[in-house]
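Participant: A structural model of the following input is requested.
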Amino acid sequence: MLLLKIELWCERFCAQLRLLNRSERTVHSYWLETRLFLKFLDERGIEEVADIRRDDVKAYRVHLHEKRKPNGEPLAIKTQSSKLAAVFAFLKYLYEEAFIVANPSRDMKLPRVPDSLPSELPDEEQVLRLLEAPDTECFLGLRDRTVLELVYSSALRNAEVRALKLEDIDLHRLQVRVTSGKGRKERNVPLGEPAAIWLEAYIKSSRPHLVRNDTDVLFLNRWGRPFTSEVLSELVRGYGERVKLPMKVTPHILRHCCATHMLAHGAGLRHLQRLLGHSSSTTTERYTRVEVSDLREVFLRCHPRELS
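Facilitator: Numbers count the residues shown, from 1 in each chain. You can find the predicted model right below:
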């Protein structure tokens, strides 16, 4: 029975993912999804991975589409897509390692994830109000102001902010080294002067109050430990509520704002792609918004019929 070999195949696959330098978060996620897929196949009577056929993969796709959460709602398209991505990666591994003679998921497409960009982003004035919200007279407020400034300045992801170490900040060259981006791709991004000023103040005046042991992690909570994803998101959201912004604000939204505001001031997509750490310019295009008023202005300025 395939059930007796599930753990073996999962461990082999995960070992290969680690060799490819995938993050432990990705490895764990793929382990879970591969295990669920193999259990599904076992219930269909599949005894060996060599017996997996294209119809089995299609059946699993239908299974995910019909699956319901405890509240009765279907799985989000994004969730279905991420689960299938893990399955496709596992089948590709089996084929490349010659455990199967053909990849049953070859040329299959993942479900198209609808554009999930926020319907409204804070404008520059609203972002400024957010940045100025923390009370920088206290060391926690100084830390929070620095976090907000850095996210907006360098368009960092939640996980990238949390993984920063002291050595990643170069105040002389005004740049930040990001070593925990998606796919573990390292990149250097510019650091704005306002953010650099707050970083210097935080490192000298605030961080010493937070350090509880010998750690080089840049941002620490009041107990001297690194932020969790949830705490960092709540920090940003809380200040957005404090200044009564009409939309929910998260680190990801601030990242969106950085890209959108830079685009409005003339930044090119290729430069934004590098800043955001995207492997594809298509992803960068999703992060940028062109407001109707901006489009109208460009239309009037550039359309030949409007120039006559």
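
Participant: give me the neighbour count for Gly15.
Facilitator: Let me fix one detail, which is that residue 15 is Ala and not Gly. 10 (other C-beta atoms under 10 Å). From N, CA and C alone the C-beta is placed, and that goes for glycine too.

Participant: any idea how far it lies from Trp31?
Facilitator: Using C-beta to C-beta, to the nearest Å, Ala15 is found at 11 Å from Trp31.

Participant: spit out the residues that contact those two alike.
Facilitator: Common contacts of Ala15 and Trp31 (C-beta atoms under 8 Å, 6 or more residues apart in numbering): none found.

Participant: please, where are all the helices along the stretch 1-150 of the chain?
Facilitator: 6-19, 24-43, 54-66, 77-96, 124-131, 139-154 (DSSP state H, counting those that start in this stretch).

Participant: need the contact partners of the last one.
Facilitator: For helix 139-154, contacts defined as C-beta under 8 Å, 6+ apart pick out 127, 130-136, 156, 161, 176, 189-192, 194-195, 198-199, 201-202, 205-207, 209-210, 219-220, 222, 232, 235-236, 239, 251, 254-255, 257-258, 275.

Participant: quick one: it to chain centroid distance?
Facilitator: Mean-position distance between helix 139-154 and its chain equals 19 Å (C-alpha atoms, centre = their mean, to the nearest Å).

Participant: one more: the third one?
Facilitator: Distance of helix 54-66 from the chain centroid (C-alpha atoms, centre = their mean) equals 27 Å.

Participant: pull out the buried residues from that helix.
Facilitator: Asp56, Val57, Tyr60, Arg61, His63, Leu64 (16 or more other C-beta atoms under 10 Å).

Participant: hmm, who's touching that helix?
Facilitator: 37, 40-41, 44, 46, 74-75, 80, 83-84, 87, 91, 104-105, 108.

Participant: try it again with 10 Å
Facilitator: Among residues not part of helix 54-66, those counted as contacts by C-beta atoms under 10 Å, 6 or more residues apart in numbering are 36-37, 40-41, 43-46, 52-53, 74-75, 77, 79-81, 83-84, 87-88, 91, 102-108, 110-111.

Participant: related to what we said a few turns ago, using a markdown table, lay out the buried residues of helix 54-66 together with pLDDT and distance to Leu150.
Facilitator: Putting these into a markdown table (pLDDT from 0 to 100; distance: C-beta to C-beta, whole Å) gives the following:
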| residue | pLDDT | distance to Leu150 |
| --- | --- | --- |
| Asp56 | 96 | 47 |
| Val57 | 96 | 43 |
| Tyr60 | 96 | 42 |
| Arg61 | 95 | 41 |
| His63 | 96 | 43 |
| Leu64 | 95 | 38 |
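
Participant: these: which two are farthest apart?
Facilitator: Asp56 and Leu64 (13.0 Å; C-beta to C-beta).

Participant: if we can go back for a sec, need the buried residues of helix 54-66 in CSV (columns: distance to Glu167).
Facilitator: CSV is the format used below for the buried residues of helix 54-66 (distance: C-beta to C-beta, whole Å):
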residue, distance to Glu167
Asp56, 49
Val57, 45
Tyr60, 45
Arg61, 45
His63, 47
Leu64, 43
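
Participant: between the residues you listed, which is nearest Met262?
Facilitator: Leu64 (37.6 Å).

Participant: that closest one and Ala76, how far apart?
Facilitator: For Leu64, the distance to Ala76 - C-beta to C-beta - is 11 Å.

Participant: between those two, what contacts are shared?
Facilitator: With C-beta under 10 Å, 6+ apart as the test, Leu64 and Ala76 both reach Pro111.

Participant: just the ones of the contacts of helix 139-154 in strands?
Facilitator: Val176, Val189, Pro190 (DSSP state E).

Participant: scan the residues you listed and report the most crowded one.
Facilitator: Going by other C-beta under 10 Å, Val176 tops the ones in strands among the contacts of helix 139-154 with 25 neighbours.

Participant: that residue and Glu186 touch, don't they?
Facilitator: No - shown here, Val176 and Glu186 do not form a contact pair, counting by C-beta atoms under 10 Å, at 11.2 Å.

Participant: which one is the residue nearest the centre of the chain nearest to, not counting chain neighbours?
Facilitator: Centrality entry for the chain: nearest residue to the mean C-alpha point is Arg157, 5.8 Å, by C-alpha atoms, centre = their mean. Nearest non-adjacent residue to Arg157, counting by C-beta to C-beta, 6 or more residues apart in numbering: Arg255, 6.6 Å away.
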